[in-house]
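# when you get a sec, could you give me coordinates for this:
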Amino acid sequence: MSDNAAPEAPAGNDQEASNARRGRGASGGAAARRAARSGGGPGIQQTYVNRKVNVYEVLDEEGLAIIEKNADTVLEEIGIEFRDDAEALALWKEAGADIKGERVHFPKGLPRSLLKTAPSIYKQHARNSARSVQIGGNATVFAPVYGPPFVRDLDGNRRYATIEDFRNFVKLAYMAPSIHHSGGTVCEPVDVPVNKRHLDMIYSHIKYSDKPFMGSVTAPERAEDTISMAKIVFGDDFVDQNTVLTSLINANSPMVFDETMLGALKVYARNNQACIVTPFILAGAMSPVTVAGTLTQVLAEVLAGASFTQLIRPGAPVLFGTFASSISMQSGAPTFGTPEPSLVSYGAAQLARRLGLPFRTGGSLCASKVPDAQAAYESANTLNSTMLAGTNFVLHSAGWLEGGLSSCYEKFMMDIDQLGMSQKFAEGVDLSENGQAMDAIRQVGPGSHYLGCDHTQANFQTAFYRSSIADNNSYEQWLAEGQKTAPQRANELARRWLETYEAPALDQGIDDGLKDFIAKKKESMPDAFT
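Numbering: from 1, shown residues only. Alright, predicted model coming up:
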C-alpha cells in the first residue's frame, strides 16, 4: 500500500466510533438493527467491499498483448491531442514526446515508465476516519449516480434538478449501508448559478455526510475551490500528504484531452489528489464498433492521461477509468446492459491490473425512462459485470436513469438494495466452523428439518440477505397491503429515510470556515447561468 494509506484523518472530525457504523448519526442501536432486518430503514454501515471471489477474465495473454501493442501504435503513430494547454505540451516535450501542433506522439514505453510512480492502492480519507475507503487491490467502493441535469422526483415528475434534490441524494447516500462514498455531482442543481453551484455542492457533501466525496472538475478554478474547502476540513498539510478527494477526468474521445479537463487534472494532481482518467465511450460513435478496437483506444487514452498526472506530481494517485456503452445503429441512442460493453469492462479491468492501477467502470446503468423492468434488467447486467470484473471504484452505482439524464429517487433505493446483495456475494463462501455447519447436520439428521435447530436459531438474523424492496409474502398479504409495486415500495422507503435523516456531527469552527469561504467566493463574482 502507498504512503497515502498510512495516517488517519485529523482527530476532531470523527463522530463517536459507534455512531460511525450506523446510518443515522447518533441514533440507531437495536431499533436501527430491527429496521434494517425488516427493510424499514438504514442499518449498520458496511465498509467498502473486500472481494473474496475470483475476477472473470475474457482475454488470454495473447489477446492482452495484441491490445497493448495496438495501443502503443496509436500513441506513437496517431497520437493524442492535448488542446489549448501550452503547459501540457511543454511538459510532454521535456519528457521526450514528439509534439506536432497540439498532438502528442509518445515514444514506445514512455507512458508506462511514468506510471511506475503511481500507487496501485491508496486510501481516500473521509472527515470521519471510520468512513475512509481503500481504492485498489481487492476493494470495491460504491458511489452514487453522477451528472444528470434532471430528476424523477417522489411525486413522479421529471423536472430539472435543484440544490434541494442534490442535498436529498447526499443524505440518502449517507444513510445507505451499501454506499461507501458520497460521490460528486449526484444531480446538477440548475437553480444555482453555474459559476457558484460547485460551492454549494461541495458544502453539501461535507455538511450532510461524513463519507468521502469527489471534487468539481468543470473549471480549474472550481477544482482550486474544492481543494481550499478540503483544506478547511482536513488542514493544509494533511491534504498535501494524503488523498481526500477522488475526481473524474473524462477524455474527450476519440483521442482528445481538452483544456477544462486538463486544467482540473493539474490542480488535483499537484495537490496529491486522485484523478479517475476515463475515456467516455459510446462505441460506434466515439470508438470503433468492435470490442478489441474500443479496448485499444481506451488503453491509449488512459495511458496518455494517467501518465500526465505523474508528470505533474510523481506518486499522485490515478485510476484507470472507462465508461463504455454501445449505441443503437438505427437511432444512434446509447444502449445499456448489452454484451459488448460488458466485454469492454472485463478487458479493461485486466489491462488496468497489468498496469498496476486501480480500476473504475460500471454501475447500475440503464436507458429506461422510468424504474421499470427494462431499468432493472439493464442495471443488473451492468452491475454484475462490474463486480465480476474486479472494479475498484464504481460510479453511477445508484440512481441512474434515462441514459444518465435523470437521477431517480425510486431507482436509487432499488439500486442500493442490489448493491447490498452484490456486497454479500463478494464475501464468498464462509468456511469457518460456523460456516461448515457440521453441528447442525449432526443435530438434525435424516428426515427432519433445520428450522428449529440451534445453528439456525443462532444464525437466522444474518443467514441470508433480506431485501428492503422485494415483496416475498403471499398473494393474499400483498393484496391486503395495497398491491404495491417495487417502485412504490421504494418511494415509501425514500420518503421515510428523508423524514428520519439526522446529519452527522461537524465541528462548528469548520462549518463556519466553510460558510465564510463560500460567502466570500460568491460575493467576488456575478451570477452566471451559462
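
# okay, residue 65: pLDDT?
Note on residue 65: pLDDT of 98.

# so how many other residues sit close to it?
12 (other CB atoms under 10 Å). Using the backbone N, CA and C atoms, a C-beta is placed for each residue, glycine as well.

# find the nearest non-adjacent residue to residue 511, please.
residue 207 (7.1 Å; CB to CB, 6 or more residues apart in numbering).

# which strands or helices does whatever helix or strand residue 227 lives in pack on?
Element membership for residue 227, per DSSP states H and E: helix 220-234. Packing partners of helix 220-234 (3 or more CB pairs under 8 Å, 6 or more residues apart in numbering; DSSP states H and E): helix 197-208, helix 236-241, helix 259-270, helix 508-523.

# which one of the ones you listed lies nearest to residue 412?
Shortest distance between residue 412 and the helices and strands packed on helix 220-234, using CB to CB, is found for helix 197-208: 15.1 Å.

# now do that closest one: everything it contacts.
Helix 197-208 has contacts (CB atoms under 8 Å, 6 or more residues apart in numbering) with 127, 163, 166-167, 170-171, 174, 182-185, 188-189, 192, 213-216, 218, 222, 225-226, 229, 233, 503-504, 506, 511, 514-515, 518, 521-522.

# one step back: quick one: closest of the helices and strands packed on helix 220-234 to residue 456.
helix 197-208 (40.4 Å).

# circling back: dump the helix holding residue 227 to CSV, keeping only the CA atoms.
Extracted in CSV, the C-alpha atoms of helix 220-234 (Å, rounded to 0.1, in the frame of the first residue of the first chain):
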residue,chain,number,x,y,z
PRO,A,220,-9.7,24.7,-12.9
GLU,A,221,-10.7,27.5,-10.5
ARG,A,222,-13.6,25.3,-9.3
ALA,A,223,-11.1,22.5,-8.6
GLU,A,224,-9.0,25.0,-6.7
ASP,A,225,-12.1,25.9,-4.6
THR,A,226,-12.6,22.3,-3.9
ILE,A,227,-9.0,22.0,-2.6
SER,A,228,-9.4,25.1,-0.5
MET,A,229,-12.6,23.7,1.1
ALA,A,230,-10.9,20.3,1.7
LYS,A,231,-8.1,22.2,3.5
ILE,A,232,-10.6,23.9,5.8
VAL,A,233,-11.9,20.4,6.8
PHE,A,234,-8.6,18.4,6.9
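
# re the thing from before, tell me, how many residues neighbour the residue nearest to residue 511?
Residue 207 has 18 nearby residues by other CB under 10 Å.

# give the ChimeraX command for selecting the buried subset of the contacts of helix 197-208.
The buried residues among the contacts of helix 197-208 can be selected in ChimeraX (16 or more other CB atoms under 10 Å) with this line:
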select :127,163,166,167,170,171,174,182,183,184,185,188,189,192,213,214,215,216,218,222,225,226,229,233,504,506,514,518,521,522
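
# need the longest helix for this structure.
helix 291-312 (DSSP state H).

# buried residues of it, list them for me.
For helix 291-312, by 16+ other CB under 10 Å, it's 291-292, 294-312.

# so the helix holding residue 227 versus helix 508-523, what angle?
Between helix 220-234 and helix 508-523, the angle comes out at 160 degrees (axes from the mean of the first three to the mean of the last three CA atoms, to 10 degrees).

# show me what contacts residue 258?
83, 84, 252.

# correct me, but residue 75 touches residue 299?
No. With contact defined as CB atoms under 8 Å, residue 75 does not reach residue 299; the gap is 9.1 Å.

# for residue 100, list each beta-bridge partner.
residue 103 (DSSP bridges).

# all helices of the stretch 301-450 of the chain, in order?
For the stretch 301-450 of the chain, the helices defined by DSSP state H, counting those that start in this stretch cover 339-355, 373-389, 409-426, 433-436, 438-444.

# can you lay out those as TSV showing mean pLDDT and distance to residue 66?
Formatted as TSV, these follow (pLDDT from 0 to 100; distance: least, CB to CB, whole Å):
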stretch	mean pLDDT	distance to residue 66
helix 339-355	97	11
helix 373-389	97	19
helix 409-426	97	30
helix 433-436	97	42
helix 438-444	97	49
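
# now the ones you listed in TSV, with distance to residue 461 and mean neighbour count?
What follows is those, written out as TSV (distance: least, CB to CB, whole Å; neighbours: other CB atoms under 10 Å):
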stretch	distance to residue 461	mean neighbour count
helix 339-355	35	23
helix 373-389	25	21
helix 409-426	14	24
helix 433-436	13	11
helix 438-444	16	14
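
# which one of those helices lies nearest to residue 480?
So among the helices of the stretch 301-450 of the chain, helix 409-426 is nearest, using CB to CB, at 22.7 Å.

# who are the packing partners of the closest one?
Against helix 409-426 (3+ CB pairs under 8 Å, 6+ apart) you get strand 49-50, strand 139-142, strand 150-152, helix 163-175, helix 373-389, strand 400-401, helix 486-500.

# could I get those as TSV with distance to residue 337?
Formatted as TSV, the helices and strands packed on helix 409-426 follow (distance: least, CB to CB, whole Å):
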stretch	distance to residue 337
strand 49-50	21
strand 139-142	18
strand 150-152	19
helix 163-175	23
helix 373-389	3
strand 400-401	12
helix 486-500	18
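
# nearest to residue 247, of these?
strand 139-142 (14.0 Å).

# pLDDT weak spots in the stretch 201-350 of the chain?
Within the stretch 201-350 of the chain, not a single segment meets pLDDT under 70.

# at 90 instead, please
In the predicted model, the stretch 201-350 of the chain carries pLDDT under 90 at residues 328-333.

# quick one: contacts for the closest residue to residue 418 other than its chain neighbours?
Ranked by CB to CB, 6+ apart and with sequence neighbours excluded, the top spatial neighbour of residue 418 is residue 383, at 6.2 Å. Residue 383 sits next to 362, 363, 364, 397, 418, 419, 422 when contact means CB under 8 Å, 6+ apart.

# farthest pair within the residues you listed?
Going by CB to CB, the pair spanning the contacts of residue 383 furthest: 362 and 418, at 12.5 Å.

# OK, contacts around residue 196?
521, 522, 525, 527.

# now it: how far from residue 177?
33 Å (CB to CB, to the nearest Å).

# could you do residue 156 as well?
27 Å.

# next: residue 422.
On the measure of CB to CB, residue 422 and residue 177 end up 12 Å apart.

# is residue 281 in a helix, a strand, or coil?
strand (DSSP: H, G, I helix; E, B strand; the rest coil).

# same question for the one 4 residues further on.
Residue 285 falls in the coil class when you classify it by three-state DSSP.

# that one against residue 332, yeah?
Yes. Here residue 285 reaches residue 332: they are 6.9 Å apart, a contact under CB under 8 Å.

# more neighbours, these two?
residue 285 (14 against 10).

# tally up the residues packed near the spatially closest residue to that one that is not a sequence neighbour, please.
In space, and not counting its chain neighbours, residue 285 is closest to residue 327: 5.6 Å by CB to CB, 6+ apart. When neighbours are defined as other CB under 10 Å, residue 327 has 17 of them.

# residue 327 is in contact with residue 294, isn't it?
No. Contact criterion CB under 8 Å: residue 327 and residue 294 do not qualify, at 11.7 Å.

# okay, and the common contacts of those two?
residue 283.

# give me phi/psi at residue 276?
When read as degrees, to the nearest 10, the backbone of residue 276 gives phi -90, psi 100.

# which residues does it contact?
Contacts of residue 276 by CB under 8 Å, 6+ apart are 246, 247, 248, 249, 318, 319, 321, 360, 393, 395.

# what residues are bridge-paired with residue 334?
Bridge pairing for residue 334 - DSSP bridges - gives residue 327.

# so it is in contact with residue 400, correct?
No. Using CB under 8 Å, residue 334 is not in contact with residue 400; the gap is 11.8 Å.

# of those two, who's got more company?
Between residue 334 and residue 400, counted using other CB under 10 Å, the more crowded position is residue 400 (31 against 18).
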